[in-house]
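Engineer: structure for the following, please:
(chains A and B)
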Amino acid sequence: NAGVMQNPRHLVRRRGQEARLRCSPMKGHSHVYWYRQLPEEGLKFMVYLQKENIIDESGMPKERFSAEFPKEGPSILRIQQVVRGDSAAYFCASSPQTGPRETQYFGPGTRLLVL
Amino acid sequence: AQSVAQPEDQVNVAEGNPLTVKCTYSVSGNPYLFWYVQYPNRGLQFLLKYITGDNLVKGSYGFEAEFNKSQTSFHLKKPSALVSDSALYFCAVRDGGHAGKSTFGDGTTLTVKP
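Structural biologist: Numbers count the residues shown, from 1 in each chain, chains lettered A, B, ... in the order given. You can find the predicted model right below:
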């Protein structure tokens, strides 16, 4: 059973470009979570999605950031008009069902570098 | 609101000695607590969790953690450290009343010297 997949693993963008980060959850998992890890810091929650629904986006910046988890295909975290401060590791996690007891399983992350 | 504190940025131990990585938390509801380990340029690997029941939780790779409600702590322990345990360790908390969002500590770098 493959784990959580994220691609690309590394992404370089120039200021003002768009970044698209993809996450394929573990087989049978329908809940996806995105976290951001800035250098020398812990993970910060961004958004929680189920298929076709955003459940909690309380950690998402109000502008330039969006996320989706369509009925078919991976979850996408999209950052428009990237700035240097967006440089970070972005981790996706998935769980089979919702609930505070559920363990979230993490992907290897996408490391975004904005030049 | 929920929060996690890992008071030590770094923990150094000699191989074969016991190790402890500290974590304290704050939640308004029932605490659900997790430990993860991160190796360089890798994602987080789940180690163990406390949901309910015994205060001593056993997890992967010989790690265990003790839930202490009165001290609001969930320290990670291992009786005998290995050099391969050297990594970055994160404690996380979730409020029992809410699904989804986990709050992570800033991490503790564990270095085990031969």
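Engineer: what about B:Ala65, how many residues nearby?
Structural biologist: Neighbour count for B:Ala65, taken as other CB atoms under 10 Å in any protein chain shown: 27. Yep, even glycine has a C-beta here, placed from its N, CA and C like the rest.
Engineer: what residues are up against it?
Structural biologist: Contact analysis of B:Ala65 by CB atoms under 8 Å, 6 or more residues apart in numbering or on different chains lists B:Leu33, B:Trp35, B:Leu48, B:Tyr50, B:Leu56, B:Val57, B:Gly59, B:Phe74, B:His75, B:Leu76, B:Lys77.
Engineer: in a markdown table: those residues, plus secondary structure and pLDDT.
Structural biologist: A markdown table is the format used below for the contacts of B:Ala65 (DSSP: H, G, I helix; E, B strand; the rest coil; pLDDT from 0 to 100):
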| residue | secondary structure | pLDDT |
| --- | --- | --- |
| B:Leu33 | strand | 93 |
| B:Trp35 | strand | 96 |
| B:Leu48 | strand | 95 |
| B:Tyr50 | strand | 92 |
| B:Leu56 | strand | 94 |
| B:Val57 | strand | 95 |
| B:Gly59 | coil | 93 |
| B:Phe74 | strand | 97 |
| B:His75 | strand | 98 |
| B:Leu76 | strand | 98 |
| B:Lys77 | strand | 97 |
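Engineer: which residues of the chain score low on pLDDT?
Structural biologist: Here I'm looking at chain A. Low-confidence segments of chain A, defined by pLDDT under 70: A:1, A:98-100.
Engineer: sorry, I should have been clearer: chain B.
Structural biologist: Along chain B, segments meeting pLDDT under 70 span B:97-99.
Engineer: residues of it that sit close to chain A?
Structural biologist: By CB under 8 Å from any CB of the partner chain, the residues of chain B that approach chain A are B:30, B:32, B:34, B:36, B:41-46, B:49, B:51, B:90, B:92, B:94-107.
Engineer: cutoff 7 Å now
Structural biologist: For chain B, the residues in contact with chain A (CB under 7 Å from any CB of the partner chain) are B:32, B:42-44, B:46, B:49, B:51, B:90, B:94-96, B:98-107.
Engineer: separate out the buried members of these.
Structural biologist: B:32, B:43-44, B:46, B:49, B:51, B:90, B:94-96, B:98-107 (16 or more other CB atoms under 10 Å in any protein chain shown).
Engineer: which non-adjacent residue is nearest B:Ser60?
Structural biologist: B:Leu47 (5.3 Å; CB to CB, 6 or more residues apart in numbering or on different chains).
Engineer: can you tell me the SS state at that neighbour?
Structural biologist: The local conformation at B:Leu47, judged by DSSP: H, G, I helix; E, B strand; the rest coil, is strand.
Engineer: and the gap between it and chain A?
Structural biologist: 10 Å (CB to the nearest CB, to the nearest Å).
Engineer: that residue and B:Cys23 touch, don't they?
Structural biologist: No. The criterion here is CB atoms under 7 Å, and B:Leu47 misses it with B:Cys23 at 11.8 Å.
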